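In: below are the sequence and a predicted model; questions follow.
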Amino acid sequence: MEALLEPVFVFKLNPSFTSKNPYTVHFPNLPKIPSKPLVVATCCAGTPSPSPLLPQDSDQNPLQLSPDRTRDRRKVVRIAWEKLVRWSRSWRSKAKTDVLERTKKVVVLGGGSFGTAMAAHVANRKAQMEVSMLVRDPALPENVTATSDAKTALLGADYCLHAVPVQFSTSFLEGIAEHVDPGLPFISLSKGLELNTLRMMSQIIPQALKNPRQPFIALSGPSFVLELMNKLPTAMVVASKDKKLAHAVQQLLSCSHLRISTSRDVTGVEIAGALKNVLAIAAGIVEGMNLGNNSMAALVAQGCSEIRWLATKMGGKPATITGLSGTGDIMLTCFVNLSRNKRVGVRLGSGEKLEDILSSMNQVAEGVSTAGAVIALAQKYNVKMPVLTAVARIMDSELTPKKAVLELMSLPQVEEV
Ligand SMILES: NC(=O)C1=CN([C@@H]2O[C@H](COP(=O)(O)OP(=O)(O)OC[C@H]3O[C@@H](n4cnc5c(N)ncnc54)[C@H](O)[C@@H]3O)[C@@H](O)[C@H]2O)C=CC1
Ligand SMILES: O=C(CO)COP(=O)(O)O
């Protein structure tokens, strides 16, 4: 343990830095270092040039590891890694792997970017797998069959991947309900809340199919289509009340470039996935208005809290909100401009009108309609959500981004919760 505590850098104390200097930090619990004080720079802004903090020569460095201690430290790391590898091997040997063998057909509803990406992903899992996409326009990649006939698409399917945008899901599902087997598990990829009913996909799907027992799984987490298609390492989460089903879907979809965790917290996963789209619009606004990195970090931290407050009031777990479908997806969509929701925000922040932005887009940005639903949901659960409410007000053209920033900055400064 001691070896792991070795500091990596040591700095020589500049004569202008005294013990009264605010940049000098004392660590009473560190082992005593003969004659030379340890100084850690937390901030060098405004310090005179040349820099007062100079690296020490390694041969004079009292903290340099001896060969014995280097060996000890490396041994600790090696043992920890070997433990991980053994645990991983034994886990894999115990995991059942027959789901993929048993699955003959998967149907994908929605031929947009994510539906197409997931269809290709499932098709690549097994050459004999039949992947049928139910689409409005059947022009698609060769390895996947596309049809606009619901009966043909759904016939004999073992799993259904649902990638129709949330606002169109009810009418779409009602239209195909007669062809859906009541035992067909629905894996929902859509992230959002239905505008007028405030429902999540776990409510929309069984209600539209008029089958409260339709097996349901939410698949969520940080997963841009482009990167999935390029087989870049990705991690997602499947959430279902049915633990066995979550494990089956995990086995169906996970592969060397896609890790899938399981969860039973359907509400947490769905709320996080839906609300991060609204927060991504806010992040885009901050970027479009050039408000700086401090603003961005503060906004995203506040947004994470707002999402946690609502999700936990609705029965979701805080651990879900800090996991892949929460913090993971929030970081992806708030910080990366591949996000369509963030791009809507950037354009709003730089002065464009919402209707012009939406009419120029050929893909969905779920956060735009979810913003309206989430505020009503927050009121129902008595949760204050300043940032997400501001986004909803901007979507309703009731507030300009500039006014929203002024109002948010003048809110009471309260204890952090
Ligand atoms: N693209 C991405 O990186 C990811 C998307 N998602 C979620 O997946 C869902 C779908 O997103 P994308 O495929 O990216 O959207 P998209 O905009 O690329 O495609 C949407 C698809 O829905 C179809 N559609 C629209 N109205 C319809 C209607 N009334 N009936 C039937 N189909 C209709 C469109 O024709 C299109 O094929 C969204 O909820 C999104 O938040 C989730 C994770 C990643
Ligand atoms: O949900 C996504 C990635 O996880 C995609 O986000 P956008 O819909 O904002 O592009």
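Out: Okay, I see it. Ligands and ions are numbered 1, 2, ... in the order given.
In: count the neighbours of residue 229 for me.
Out: 13 (other Cβ atoms under 10 Å). For glycine as for every other residue, the C-beta is placed from the backbone atoms N, C-alpha and C.
In: correct me, but it touches residue 119?
Out: No: taking contacts as Cβ atoms under 8 Å, residue 229 lies outside contact range of residue 119: 11.0 Å.
In: which residues does stretch 293-304 contact?
Out: 275, 279, 282-283, 286-287, 321, 326-327, 330-331, 334-335, 386-388 (Cβ atoms under 8 Å, 6 or more residues apart in numbering).
In: roughly how far does the closest residue to residue 289 other than its chain neighbours sit from ligand 2?
Out: In this structure, residue 289 finds its nearest non-sequential neighbour in residue 349, 4.2 Å apart by Cβ to Cβ, 6 or more residues apart in numbering. Note on residue 349: its distance to ligand 2, by Cβ to the nearest ligand atom, to the nearest Å, is 15 Å.
In: same check on residue 69?
Out: 44 Å.
In: where does that residue land in three-state SS?
Out: State at residue 69, reduced to three classes by DSSP: H, G, I helix; E, B strand; the rest coil: helix.
In: next, count neighbours for it.
Out: Neighbours of residue 69 (other Cβ under 10 Å): 13.
In: got it, and the one 3 residues further on?
Out: Applying the criterion other Cβ under 10 Å, we find 14 residues in the vicinity of residue 72.
In: list the buried residues for the helix or strand where it lies?
Out: In the assignment (DSSP states H and E), residue 72 maps to helix 67-94. Within helix 67-94, the residues that count as buried by 16 or more other Cβ atoms under 10 Å are residue 73.
In: tell me the helix or strand right after that helix.
Out: Helix 67-94 is succeeded, C-terminally, by helix 98-102 (DSSP H and E).
In: mind giving me the packing neighbours of that following helix?
Out: Here helix 98-102 touches helix 243-253, going by 3 or more Cβ pairs under 8 Å, 6 or more residues apart in numbering; DSSP states H and E.
In: is the helix it packs on positioned near ligand 1?
Out: No: using Cβ under 6 Å from any ligand atom, helix 243-253 stays clear of ligand 1, coming no nearer than 13.1 Å.
In: quick one: the strands in this protein?
Out: 11-12, 54-55, 105-109, 130-134, 145-147, 159-162, 186-188, 216-220, 234-239, 258-263 (DSSP state E).
In: can you name the residues that contact the residue in the stretch 51-200 of the chain that ligand 1 sits nearest to?
Out: Closest residue of the stretch 51-200 of the chain to ligand 1, Cβ to the nearest ligand atom: residue 112 (1.7 Å). By Cβ under 8 Å, 6+ apart, the contact set of residue 112 is 163, 165, 363, 364.
In: contact residues of the stretch 51-200 of the chain facing ligand 1?
Out: Counting by Cβ under 6 Å from any ligand atom, the stretch 51-200 of the chain sits next to ligand 1 at 110-115, 136, 163-166, 168, 172, 189-192.
In: again, only using 8 Å
Out: When proximity is defined by Cβ under 8 Å from any ligand atom, the stretch 51-200 of the chain lies next to ligand 1 at 109-117, 135-137, 163-166, 168, 171-172, 189-192.
In: how near is the residue most central in space within the chain to residue 356?
Out: Nearest to the geometric centre of the chain sits residue 329, at 1.3 Å (Cα atoms, centre = their mean). For residue 329, the distance to residue 356 equals 27 Å [Cβ to Cβ, to the nearest Å].
In: tell me the buried residues in stretch 210-219?
Out: For stretch 210-219, burial by neighbour count (16+ other Cβ under 10 Å) applies to 211, 214, 215, 216, 217, 218, 219.
In: restrict those residues to those near ligand 2?
Out: Of the buried residues of stretch 210-219, not one also sits near ligand 2 (Cβ under 8 Å from any ligand atom).
In: closest one to ligand 1 out of those residues, please.
Out: Out of these, the member with the shortest distance to ligand 1 (by Cβ to the nearest ligand atom) is residue 219, at 8.2 Å.
In: and that closest one, how far from residue 266?
Out: Distance from residue 219 to residue 266, by Cβ to Cβ: 11 Å.
In: with residue 72 instead?
Out: 47 Å.
In: and what of residue 403?
Out: 37 Å.
In: before we move on, back to that, deepest in the core, which of the strands of the chain is it.
Out: strand 216-220 (a mean of 28; mean count of other Cβ atoms under 10 Å).
In: within its sheet, name the partner strands of it and how each one runs.
Out: Partner strands and pairing direction for strand 216-220 (DSSP bridges) are strand 186-188 (parallel), strand 234-239 (antiparallel).
In: what's the mean pLDDT across the first one?
Out: Per-region confidence: strand 186-188 scores 98 on mean pLDDT.
In: so does that strand get close to ligand 2?
Out: No: judged by Cβ under 8 Å from any ligand atom, strand 186-188 and ligand 2 are separated, with a smallest distance of 12.6 Å.
In: contacts for that strand, please.
Out: Contacts of strand 186-188 (Cβ under 8 Å, 6+ apart): 159-162, 201-202, 205, 214-219, 238, 249.
In: return stretch 352-366 as CSV; C-alpha atoms alone will do.
Out: The C-alpha trace of stretch 352-366 is given here as CSV (Å, rounded to 0.1, in the frame of the first residue of the first chain):
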residue,chain,number,x,y,z
GLU,A,352,-31.3,30.9,-35.1
LYS,A,353,-35.0,30.3,-34.7
LEU,A,354,-36.3,26.9,-33.6
GLU,A,355,-38.6,26.5,-36.5
ASP,A,356,-35.8,27.2,-39.0
ILE,A,357,-33.5,24.7,-37.2
LEU,A,358,-36.1,21.9,-37.2
SER,A,359,-37.2,22.4,-40.8
SER,A,360,-33.6,22.1,-41.9
MET,A,361,-33.1,18.8,-40.0
ASN,A,362,-33.8,15.4,-41.5
GLN,A,363,-33.3,13.5,-38.2
VAL,A,364,-35.1,13.5,-34.9
ALA,A,365,-33.9,15.6,-31.9
GLU,A,366,-36.1,14.0,-29.2
